[in-house]
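Peer 1: generate a structure from the sequence data that follows.
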Amino acid sequence: MVKGHLPAEAANAQQRLKGKIAVVTGCGAGIGKGCALLFARQGARVIGCDLNAAAAEATVAEAKSLGLEIDSFAPCDLTDPAAVDKLFAFAAERAGGVDILVNAAATAVFKPIEEMTYEDWRLTLTAELDTVFLACKAAWPRMMACGGGSIINFASVNSYLVLEGSPALAHCAGKGGVLAMTRQLALEGAPHGIRANTISPGMTVTSATSPVLKTPGFIENVLAHAILKRVGQPEDIAWAATFLASDESSWITASDLHVDGGATAL
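Peer 2: Next up is the predicted model:
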């Protein structure tokens, strides 16, 4: 267990999300998986989705082994409006609606501009912007019907700073767009009781980041630009998402929570 984390039994005991229905995209791995499992421990009814059906089912099985329940809608292509509508229809059928939306699913191509093709650029922006828009649009009327809700989107420290050795041009553009989009969602959602916030994670260990973290000298470069000298874990981000999903944050909207070991402070 990473120092500072609550053990599973403590997480189970808190039940900060009891009675809430959460849709978590990208539940098969990384931050999405971390959020899905922790939300279930905190008492939420979790509907997870992923393009990778096997990965989503593995998360469902892990939850079951912990005495928890997660429903899976997979495979789900979040770039397909019809598939996204079916996801939220599934959530309504299984759980009765949606109170929380966690847009954790994303894909990005990391290449310098001289190597990046237009297809790489479009893939990244579609995966990081269109998927958030489509999920929010589908969730919106269902949250209104439930009297409001909490939307949690993911920006990145790359929305604020650059990191030498990380060719993140398209990723920076996509996550910067998520920041701006979420502020507008907060404005439009306020009359309906819908809050919208972002989390900007620092370098977090996931299946997507593990290969680059193994590049000689890369992790040392990351830690040189952080106050807390470790990389993040999905659970670090999931705890922040739990706060933004809970009633504890009922007066917080249009905010961006930096969970980055202090990287954006240096």
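
Peer 1: which residues does the residue lying closest to residue 53 once chain neighbours are set aside contact?
Peer 2: Spatial nearest neighbour of residue 53, excluding adjacent residues (C-beta to C-beta, 6 or more residues apart in numbering): residue 74 at 4.1 Å. No exception for glycine: its C-beta is placed from N, CA and C like everyone else's. Under the criterion of C-beta atoms under 8 Å, 6 or more residues apart in numbering, the neighbours of residue 74 are 28, 48-53, 55-57.

Peer 1: could you do residue 100 as well?
Peer 2: By C-beta under 8 Å, 6+ apart, the neighbours of residue 100 are 17, 20-23, 39, 44, 149-152, 245.

Peer 1: the same query, at a cut-off of 10 Å, please.
Peer 2: By C-beta atoms under 10 Å, 6 or more residues apart in numbering, the contact set of residue 100 is 17, 20-24, 35, 39, 44-47, 139, 143, 149-152, 241-242, 244-246.

Peer 1: so where's the protein shaky on pLDDT?
Peer 2: Applying pLDDT under 70 to the chain flags residues 1-13.

Peer 1: find the centremost residue of it, please.
Peer 2: Ranked by distance to the mean C-alpha position of the chain (C-alpha atoms, centre = their mean), the top residue is residue 104 at 2.6 Å.

Peer 1: host element of the residue nearest to it when sequence neighbours are not counted?
Peer 2: The shortest distance from residue 104 to any non-neighbouring residue, by C-beta to C-beta, 6+ apart, is to residue 32 (3.4 Å). Element membership for residue 32 (DSSP states H and E) is helix 30-41.

Peer 1: surely residue 162 meets residue 169?
Peer 2: Yes: the criterion here is C-beta atoms under 10 Å, and residue 162 meets it with residue 169 at 9.5 Å.

Peer 1: the more surrounded of those two?
Peer 2: Using other C-beta atoms under 10 Å as the criterion, residue 162 and residue 169 rank with residue 169 on top: 20 against 12.

Peer 1: show me the contacts for the nearest residue to that one once chain neighbours are set aside.
Peer 2: If the residues on either side of it in the chain are set aside, residue 169 comes closest to residue 113, at 5.6 Å by C-beta to C-beta, 6+ apart. Counting by C-beta under 10 Å, 6+ apart, residue 113 makes contact with 121, 167, 169-170.

Peer 1: measure residue 113 to residue 176 for me?
Peer 2: Going from residue 113 to residue 176 by C-beta to C-beta, to the nearest Å gives 16 Å.

Peer 1: check residue 96 too.
Peer 2: Taking C-beta to C-beta as the measure, residue 96 falls 35 Å from residue 176.

Peer 1: tell me which of the contacts of residue 113 fall in helices.
Peer 2: Of those, the ones assigned to helices by DSSP state H are 121, 169-170.

Peer 1: mind putting the residues you listed into TSV with distance to residue 193?
Peer 2: Shown next, in TSV, are those (distance: C-beta to C-beta, whole Å):
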residue	distance to residue 193
121	36
169	37
170	34
